[in-house]
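Student: With the input below, show me the fold.
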Amino acid sequence: MQAPQLTPTPLSQGDSLITALFLAAVVHIALVLGINFTAPQPAKVNKSMEITVAHTPLKKAPKDAKYLAAEHQLGAGEETKKPEPLQHREAVPLAPPSPPPKKVQPQPAPVPAKPVTEKVLVQAKAPAKVAAEPEQPVQTPEPDEVHDAAPKLSAEALQQQIAQLGERIRNSQQSTQESKIKFVHSISTHKYLAAQYVKDWEDKVERTGNLNYPEAARKKGASQTLTMDVGINADGSIYSMRIVKSSGNPALDDAAKRIVKMSAPFAALPDELLREVNVLVITRVWKFSDETGMTAR
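Tutor: Sure thing, here's the model as predicted:
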């Protein structure tokens, strides 16, 4: 018996499509799994590190130190010369702003020129006017007249001028001496001496004033004040008295002056103080009260 012959059956259209899709999927999977994607590695950068070498402090100070530091150290390095400081760059000057455009003003219309005949007539008449005025000669004074004009000084006028000059010299010398008249608050060199002197002066004046209390201040409940300057000479005598601010009662002002005269003479000015002043002026407020008596502070 003969075996039956197998005849291939043709693939249908649907089977061939499935086979093609299967093969395509296998190929794509192989490609995806076989290819690896790697990101590019950046180039390695050499990192630099600054190292500062700290020297051990020296016990001895260096002979030629260039800088100030907390510890004594000897400098070291590759440079043999001292580095020069960096120069600052000069600032670039800014261009000045351009001025705003000027407004163009309209020019006035030209004035029509006068006829030439008028100019000729004016020029012709001008010489006639000049010729009509005669020149006046300049009069120069004669030498005798100049000498006569100088004032003549008589003997009396000359003596009067000499006397005035001498008075000016005396006044200048007096003003030089008065320049050393100073108030207590203006003493600079020996202020402590002036303060002690004024304290003693106040005590003496108040003691005299309370022993000789003025009748003008004996009103019950009255309290009157005045301000007075008293100048003291070098020997302690009174140089001047001046009421700076009156109490409003002339009798009380005169009584205050009498108290100063009764208290004089005062102690002489200290020798150290005389190097700066000749007259010491003391300004104090005088107060008369029936409760506290008289005070000069």
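
Student: so who does the residue nearest to residue 204 when sequence neighbours are not counted touch?
Tutor: Of all residues not flanking residue 204 in the chain, residue 263 sits nearest, at 5.3 Å (C-beta to C-beta, 6 or more residues apart in numbering). The way it works is simple: take the backbone N, C-alpha and C, and place the C-beta from them, glycine included. Taking C-beta atoms under 8 Å, 6 or more residues apart in numbering as the criterion, residue 263 is in contact with 204, 205, 208.

Student: State the phi and psi torsions of residue 263.
Tutor: Dihedral pair for residue 263: phi -80, psi -20, per degrees, to the nearest 10.

Student: So which of the contacts of residue 263 belong to helices?
Tutor: 204, 205, 208 (DSSP state H).

Student: any idea of the pLDDT on the closest residue to the last one other than its chain neighbours?
Tutor: Nearest non-adjacent residue to residue 208, counting by C-beta to C-beta, 6+ apart: residue 263, 4.4 Å away. The predicted structure scores residue 263 at 94 on the pLDDT scale.

Student: Helix, strand, or coil at residue 28?
Tutor: With DSSP: H, G, I helix; E, B strand; the rest coil as the basis, residue 28 sits in helix.

Student: contacting residues around it?
Tutor: If you count contacts by C-beta under 8 Å, 6+ apart, residue 28 has none.

Student: shift numbering so it begins at 35
Tutor: All right, first residue 35 from here; so that's residue 62.

Student: ok, it to residue 328 distance?
Tutor: From residue 62 across to residue 328, the span is 128 Å (C-beta to C-beta, to the nearest Å).

Student: Next: residue 66.
Tutor: Per C-beta to C-beta, residue 66 is found 123 Å from residue 328.

Student: By mean pLDDT, flag the weakest helix or strand of this protein.
Tutor: Taking mean pLDDT, DSSP states H and E as the measure, helix 150-166 is the helix or strand of the chain with the lowest mean score, a mean of 43.

Student: Residue 319 reaches residue 277, doesn't it?
Tutor: No - taking contacts as C-beta atoms under 8 Å, residue 319 lies outside contact range of residue 277: 11.8 Å.

Student: Looking at the two, which one has more neighbours?
Tutor: Legend: neighbour count by other C-beta atoms under 10 Å for residue 319 and residue 277, higher for residue 277 (16 against 13).

Student: Which helix or strand contains the more buried one?
Tutor: Taking DSSP states H and E as the definition, residue 277 sits inside strand 272-279.

Student: What pairs with that strand, parallel or antiparallel?
Tutor: On the basis of DSSP bridges, the sheet neighbours of strand 272-279 come out as strand 257-266 (antiparallel).

Student: Thanks a lot, catch you later.
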